[in-house]
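K.L.:
Structure, please.
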Amino acid sequence: MRHSINIQHWVQRACILIFLQGLWVVDARATDKHRELAERLATQGHLQMLDIQSGEFLVRTWARIDRTDHDVSVYIEGDGHAWSSRTRRSADPTPHNPIGLRIAVLDTGVNVIYLSRPCMYVPLHYNPACNPLLWTDRRFSEAVVAAMDGVLGHARRNVAGKLHLAGFSGGGAIAALLAARRTDIASLRTFGGNLDHDAVNRHHDVSPMPESLNPIDFAHALAHLPQVHFSGAQDAVVPPFIARDFIRALPTPGCARQVVLENTTHHRGWHAHRAQLLKLPASLHPWCKAGGTFRWRRVPVDPEPAEPAYGY
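P.N.:
Take a look at the predicted model:
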């Protein structure tokens, strides 16, 4: 009887291992597909790939530097495929729909840099420090932000100009946290930016992230930085009140603006507003003493594919 039970136990274990291996193969093939999508988009924008080692992470970037004496627009990707479901972390955070990259490709300026996030795109066997906590609970941890700071420093090392930071969703949080600690930042833009993850998580009734830095806690360091925070009027993932309350938290909010875009959700509608998204906040200086929230006219929602709401 005991022998029979042992055989049954090992058969069950073998079946589980085969099932998990099958999931890994399917996931790996899916990730390859999403890497290829990013490569095609980057090629369309004439961006060259460069993997940069920073701390424990090898981070993928794409860039086009045509004038080293000019400023640089830097776009930071969102959180990607962080969750497979509301309660299950993904095995790989590589974005299925890289909105940050899509916006970067629209920028025809002389100098453009796109930064992914730790553990995205690069095969995970090249990043042994990666684990699902780094793209979920610790996505804005000191280790992650410090690594992104190092990547940014390396990516702009041959450029004399200032940096205009921009980020989608969680990339907006990283952009704000970097702006708070660097002295070479000329402006900040966020697109559905998670500028207060405590408030976002309360809104969705999910667990807080005590191991992550929160941009709103560093608002005092950003008070005099020209910045525009774009919110989708129909964004149910990072609702417009997040950017509104972030601006209210600035000691002197005169150079910060929120722009609410109609017919825009968290994952759809952004490219229809590209003229507004690509305009640098520094060029909006006449508004610095004005107040209020600006609303642009209604435009059709674009048909880009959406990631699940839990993938913000």
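K.L.:
Wasn't Met49 part of a strand?
P.N.:
Yes - under DSSP: H, G, I helix; E, B strand; the rest coil, Met49 sits within a strand.
K.L.:
Am I right that it is in contact with Thr61?
P.N.:
Yes - with contacts counted by CB atoms under 8 Å, Met49 reaches Thr61, the gap being 7.3 Å. C-beta: built from backbone N, CA, C; applies to glycine.
K.L.:
Neighbour count for these two, which is higher?
P.N.:
Between Met49 and Thr61, counted using other CB atoms under 10 Å, Thr61 has the larger neighbour count: 21 against 14.
K.L.:
May I have the phi/psi pair for the more buried one?
P.N.:
The phi/psi pair for Thr61 (degrees, to the nearest 10) reads phi -130, psi 160.
K.L.:
Look up how far Gln48 lies from it.
P.N.:
When CB to CB, to the nearest Å is applied, the distance between Thr61 and Gln48 equals 9 Å.
K.L.:
correct me, but Arg138 touches Pro210?
P.N.:
No - look at Arg138 against Pro210 with CB under 8 Å: they stay out of range, at 9.8 Å.
K.L.:
okay, the two: which has more neighbours?
P.N.:
Set Arg138 next to Pro210 and count neighbours by other CB under 10 Å: Arg138 wins out with 19 against 9.
K.L.:
element containing the more buried one?
P.N.:
Arg138 belongs to no helix or strand when elements are defined using DSSP states H and E.
K.L.:
What of Val112?
P.N.:
Counting by DSSP H and E, the element that carries Val112 is strand 111-115.
K.L.:
Poorly predicted segments of the stretch 1-150 of the chain, please.
P.N.:
Residue ranges of the stretch 1-150 of the chain with pLDDT under 70: 1-30.
K.L.:
The host helix or strand of Ala180 - contacts with which helices or strands?
P.N.:
Taking DSSP H and E as the definition, one finds Ala180 inside helix 170-181. Secondary-structure packing of helix 170-181 (3 or more CB pairs under 8 Å, 6 or more residues apart in numbering; DSSP states H and E): strand 72-76, helix 142-155, strand 163-168, strand 185-191.
K.L.:
Partner strands of the strand holding Val112 and their direction?
P.N.:
Its sheet considered, strand 111-115 pairs with strand 57-65 (antiparallel), strand 72-76 (parallel) by DSSP bridges.
K.L.:
on that earlier part again, list the buried ones in the helix holding Ala180?
P.N.:
Within helix 170-181, the residues that qualify as buried by neighbour count (16 or more other CB atoms under 10 Å) are Gly170, Gly171, Gly172, Ala173, Ile174, Ala175, Ala176, Leu177, Leu178, Ala179, Ala180.
K.L.:
try stretch 76-89
P.N.:
Applying a neighbour-count criterion of 16+ other CB under 10 Å, the buried positions in stretch 76-89 are Ile76, Glu77, Gly78, Asp79, Gly80, His81, Ala82, Trp83, Ser84.
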